[in-house]
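**Student:** what's the 3D shape of this:
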Amino acid sequence: MQNPELCKELIQRILPDLKIDRVEYPELQKSIKQDMDAKSVRLDVYVKDGKEVVYDIEMQVSDTKELPKRSRYYQSMIDLQLIDKGQYYDELNRSYVIFICPFDAFGKGRHIYTFENICNEDDSISMGDETVKIFLNAKGIMDDVSKELKAFLDYIAGKKPADSYVEKLEEAVKEAKKNREWRHEYMTLLMRDQENQKIGEKHGEDKLAKLIILLNEDGRLSDILRVSQDEVYRQELYEEYHII
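**Tutor:** Numbering: from 1, shown residues only. Just a heads-up that it's a prediction; the model follows:
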């Protein structure tokens, strides 16, 4: 998703009624931490289109049963970044929080679940806060999405449909995998170096080793390079990955 054209095409397939001319990355893997006591978040893909609409796209591998409230927290943290002190609330951008899942978070068989704030007493009244939360399910069984989006979700589910976009994704994945062996070798050398230096107590070393393994699995090479040098950032990552 670091490829703007692939990212733009995906958003267009998820939201076909929108006309997206371009996407831009304000920050790759955007980190948000409002204060020292707040739980920090790292957004997988945080982009804007030509109309300043914000999209946060998250890949969720396992069903942690907390996605609805996580989407609420992500939305609130994104909003905190969108306006500064002295600005008016109506300057908040329209925003979408999108989770791509290989499982059915709501158990109804749909490929897509879209949530907006609607009045309980009269469902023709929308709150109009311009926030949307979308959960995609690669295991859906309904005929409820376009064939283009279905092709993408089938790919997430492990199938390889005949689709030009999926073919481009497959090529991008192959390119990423070429670096996997190098990342593994680098991680091994880094861990060995940490052992040789004997930094900290045994517990601290175990925590760092576990963190490096998790970062490597997520493909966060730049964080692996930084984590051994930046103690403050290391502590933030321990919190993010719930390593105690």
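
**Student:** so which strand or helix has the residue nearest to residue 136 when sequence neighbours are not counted?
**Tutor:** Closest residue in space to residue 136, ignoring its immediate chain neighbours: residue 100 at 4.8 Å, by Cβ to Cβ, 6 or more residues apart in numbering. Any C-beta I mention is one placed from the backbone N, CA and C, and that applies to glycine too. In this assignment (DSSP states H and E), residue 100 forms part of strand 95-101.

**Student:** what's in contact with that strand?
**Tutor:** For strand 95-101, the external contacting residues (Cβ atoms under 8 Å, 6 or more residues apart in numbering) are 14-15, 53-60, 63, 67, 71, 74-75, 78-79, 82, 105, 130-138, 156.

**Student:** hey, C-alpha coordinates of that strand in PDB?
**Tutor:** Written as PDB, here are the backbone C-alpha positions of strand 95-101 (Å, rounded to 0.1, in the frame of the first residue of the first chain):
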ATOM      1  CA  SER A  95     -12.600  10.500   7.400                       C
ATOM      2  CA  TYR A  96     -12.800   6.800   6.900                       C
ATOM      3  CA  VAL A  97     -11.400   4.100   9.100                       C
ATOM      4  CA  ILE A  98     -11.200   0.900   7.200                       C
ATOM      5  CA  PHE A  99     -10.300  -2.600   8.600                       C
ATOM      6  CA  ILE A 100      -9.400  -5.400   6.100                       C
ATOM      7  CA  CYS A 101     -10.000  -8.700   7.800                       C
END
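
**Student:** partners of the helix or strand that comes right after it, with directions?
**Tutor:** Note on strand 95-101: by DSSP H and E, the next helix or strand toward the C-terminus is strand 112-115. Strand 112-115 has the following strand partners under DSSP bridges: strand 131-137 (antiparallel).

**Student:** give me the contacts around the strand it pairs with.
**Tutor:** 14, 67, 71, 75, 94-101, 103-106, 110-117, 149, 153, 156.

**Student:** is the residue nearest to residue 136 in a bridge, and if so with what?
**Tutor:** On the basis of DSSP bridges, residue 100 is bridged to residue 59, residue 136.

**Student:** quick one: the strands in this protein?
**Tutor:** 23-24, 31-32, 41-42, 45-49, 54-59, 95-101, 112-115, 131-137 (DSSP state E).

**Student:** in this structure, where is pLDDT below threshold?
**Tutor:** Along the chain, the parts satisfying pLDDT under 70 run over 1-2, 25-44, 85, 176-205, 219, 228.

**Student:** kindly recompute the last result at 80.
**Tutor:** Within the chain, the ranges that satisfy pLDDT under 80 run 1-3, 22, 24-46, 81, 83-86, 161, 173-206, 216-230, 244.

**Student:** residue ranges of each domain in it, please.
**Tutor:** As recorded under automatic domain parsing, the domains making up the chain are 4-173, 180-240.

**Student:** can I get the ones you listed in a markdown table with mean neighbour count?
**Tutor:** A markdown table is the format used below for these (neighbours: other Cβ atoms under 10 Å):
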| stretch | mean neighbour count |
| --- | --- |
| domain 4-173 | 15 |
| domain 180-240 | 14 |
